[in-house]
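Colleague: Next come a sequence and a model predicted from it.
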Amino acid sequence: MTDTQTTPVAEIVTFTLANGITPAAFVEISRQSEAFVRAQPGFMFRRLSCGADGRWSDHVVWRDHAAAMAAAEAFPKQPFAAALMEAIEPGSIDMRHEDILWQMAA
């Protein structure tokens with residue numbers, strides 16, 4: 001599958017938390033974005049995880065590239081975005097969009 005109109009896209013954002021932000025506090029701040037993300041056309045799936053090294057990943061799957069780009073453009077304009085960005089260490093963010101070429105479910 002290489003057609004970006006029909007290929008699901010994974011939006012993967014990795015980052016570290018700002019000093020003083022606990023994992024529980026960050027999860028609560030992230031939940032404030034739930035209604036917005038769920039309402040976006042093409043939203044399929046979202047998972048937030050944290051590794052043993054303290055690096056976080058926000059993994060969102062979109063129906064296609066256009067849906068991912070539209071959501072990425074609208075996200076920073078939302079009321080919750082400022083608090084979310086303040087909870088993340090400046091300069092630690094890496095955001096990628098990748099075509100999903102294969103997946104497996106339980």
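Modeller: Yep, that arrived.
Colleague: buried sites along the helix or strand where Val60 lies?
Modeller: Applying DSSP states H and E as the criterion places Val60 in strand 55-62. Under the neighbour-count criterion of 16 or more other Cβ atoms under 10 Å, strand 55-62 has 56, 58, 60-62 buried. In this view, the C-beta of every residue, glycine as well, is placed from N, C-alpha and C.
Colleague: Most widely separated two among those?
Modeller: Taking Cβ to Cβ, the two most distant members of the buried residues of strand 55-62 are Trp56 and Trp62; they sit 19.4 Å apart.
Colleague: which residues touch the strand holding Val60?
Modeller: Under the criterion Cβ atoms under 8 Å, 6 or more residues apart in numbering, residues 8-17, 26, 30, 37, 40, 42-51, 68, 71, 100 lie in contact with strand 55-62.
Colleague: give me that answer again for 6 Å
Modeller: 8-16, 42, 44-50, 68 (Cβ atoms under 6 Å, 6 or more residues apart in numbering).
Colleague: which among those end up buried?
Modeller: Listed as buried from the contacts of strand 55-62 are 8-11, 13-16, 42, 46, 68; burial here means 16+ other Cβ under 10 Å.
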